[in-house]
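1. my questions concern the predicted model and sequence given below.
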Amino acid sequence: MNVKDIMSSPVFTIAPEETVAHARNLMLKHKISTLVVAENNEMVGIVTKTDIGKRLAQAEPMWRRRPIDKIPVSMVMHENPITIYPGATISQASELMIENGINALAVKNREVEGIVTGTDIVKYFAEQDIKTKVAEVMSEDIVFVHRHHTINHVIHEMEENETNRVIVNDDADEAVGIITTTNVAFNMMSDNAGNLPSKSIKMTRRSSPAGQKEYRYVKEVPLVAEDIMSDLPHSIDVNNKAVNAAKIMLSEHTIALPVVNGEKIIGLISRREILKAVQ
């Protein structure tokens, strides 16, 4: 079986001057994670939901930022994207993705014929009779964030640790959710007025240390980790098969599963680990 047998086709395209909002709408409408950026019928780049998620982290204060939905795709896309031949092996596609830290390849002969993504490879892996155990491929490197950490902090941790998922802990250091690049990319990035998202919280003060709470007022604060996280997906036992992990990922539409030994989370198995197992 080759790349052409698992790739997605036809390819959905977008012009470089189109907005990120339009790109996100296309991804949501067609349930895809990658768009080819084309100009004059020629591929000039690729934009993925990960690209959109990373662009959300901006250094400027919130009141000075330009809502990401309104910027052109050309500002977030990958120029000169890596391509692969239709007749290449699935193992070769996995290797290219891992080496370059990407999750999508344009499948090109003379023209772009399709897109192959990490999810396509996970689907292929899930159908194989492979005895590899979760313990043999899982990652023990788990990145945790607190539920009240800002989204900028979450993105920073993803980039600093070169990961596309983090576990969210509560005040008792218990895992309560997971954030992936999908959560970041498809989070509502601007409201109807074009402003970046925030939430209102009620603040109170005491007139004296032992006095009653007074001076209630509403404060606008940025969204935090718990506002965009997903519920923790089902965990998988360390001694289970990696193929079964792939099946759960697909059924739950997640890119990572907590790996447990008993009730303790000891690692994660993600799409990246599945790609490594294909080689």
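-> Okay, I see it.

2. SS state for Pro16?
-> Here Pro16 takes the coil state, with states given by DSSP: H, G, I helix; E, B strand; the rest coil.

3. separation between it and Pro72?
-> 6 Å (CB to CB, to the nearest Å). (Each C-beta comes from the backbone N, C-alpha and C, glycine too.)

4. Ile121 too?
-> 30 Å.

5. just for the stretch 151-279 of the chain, where's the confidence low?
-> Counting by pLDDT under 70, the low-confidence segments of the stretch 151-279 of the chain come to 187-221, 279.

6. just the strands in it please.
-> With strands called from DSSP state E, counting those that start in this stretch, the stretch 151-279 of the chain shows them at 165-169, 175-180, 198-206, 213-222, 236-237, 256-261, 264-270.

7. coming back round to it: and Ile121 and Pro72? Which one has more around it.
-> For Ile121 versus Pro72, neighbours defined as other CB atoms under 10 Å are more numerous around Ile121 (24 against 16).

8. which residues in the chain form helices?
-> Ranges of helices in the chain, per DSSP state H, are 3-6, 20-30, 49-55, 90-100, 118-126, 134-137, 151-160, 181-185, 225-228, 242-252, 271-278.

9. quick one: low-confidence ranges for the stretch 1-150 of the chain?
-> Checking the stretch 1-150 of the chain against pLDDT under 70 turns up 55-69.

10. quick one: contacts for the spatially closest residue to Gln92 that is not a sequence neighbour?
-> Nearest non-adjacent residue to Gln92, counting by CB to CB, 6 or more residues apart in numbering: Ile84, 7.0 Å away. Counting by CB atoms under 8 Å, 6 or more residues apart in numbering, Ile84 touches Val3, Gln92, Ala93, Leu96, Leu105, Ala106, Val107, Lys108, Val116.

11. what about the first one, how many residues close to it?
-> Summarising burial for Val3: neighbours were counted as other CB under 10 Å, giving 23.

12. again with the fourth one
-> Leu96 has 17 neighbouring residues, counting by other CB under 10 Å.

13. one more: the second one?
-> A total of 17 residues lie near Gln92 under the criterion other CB under 10 Å.

14. same question for the last one.
-> Each residue near Val116 was counted by other CB under 10 Å, and the total is 30.

15. beta partners for it?
-> Leu105 (DSSP bridges).

16. how near is it to Glu127?
-> 16 Å.

17. just the first one next, same as before
-> Counting by CB to CB, the separation of Val3 from Glu127 is 16 Å.

18. over to the fifth one?
-> The gap separating Leu105 from Glu127 is 20 Å, by CB to CB.

19. the more surrounded of the two?
-> Leu105 (27 against 12).

20. so who does that one touch?
-> Val3, Pro81, Ile82, Thr83, Ile84, Ala93, Leu96, Met97, Ile115, Val116, Thr117.

21. quick check: the two most widely separated of the residues you listed?
-> Val3 and Pro81 (14.8 Å; CB to CB).

22. quick one on the thing from earlier: let me have the contacts of Leu105 in TSV, adding distance to Thr34 as columns.
-> Shown next, in TSV, are the contacts of Leu105 (distance: CB to CB, whole Å):
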residue	distance to Thr34
Val3	14
Pro81	10
Ile82	12
Thr83	13
Ile84	13
Ala93	13
Leu96	14
Met97	12
Ile115	5
Val116	9
Thr117	6
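
23. Glu140: which of the residues you listed is nearest?
-> Distance ranking of the contacts of Leu105 against Glu140, using CB to CB, places Met97 first at 21.4 Å.

24. count the residues that sit near the closest one.
-> The number of residues packed near Met97 is 24, by other CB under 10 Å.

25. check contacts around it.
-> Met97 neighbours (CB under 8 Å, 6+ apart): Asn103, Ala104, Leu105, Gly118, Ile121, Leu275.

26. could you measure from the residue most central in space within the chain over to His253?
-> Centroid-nearest residue in the chain, with CA atoms, centre = their mean: Thr181, separated by 1.8 Å. As defined by CB to CB, Thr181 lies at a distance of 13 Å from His253.
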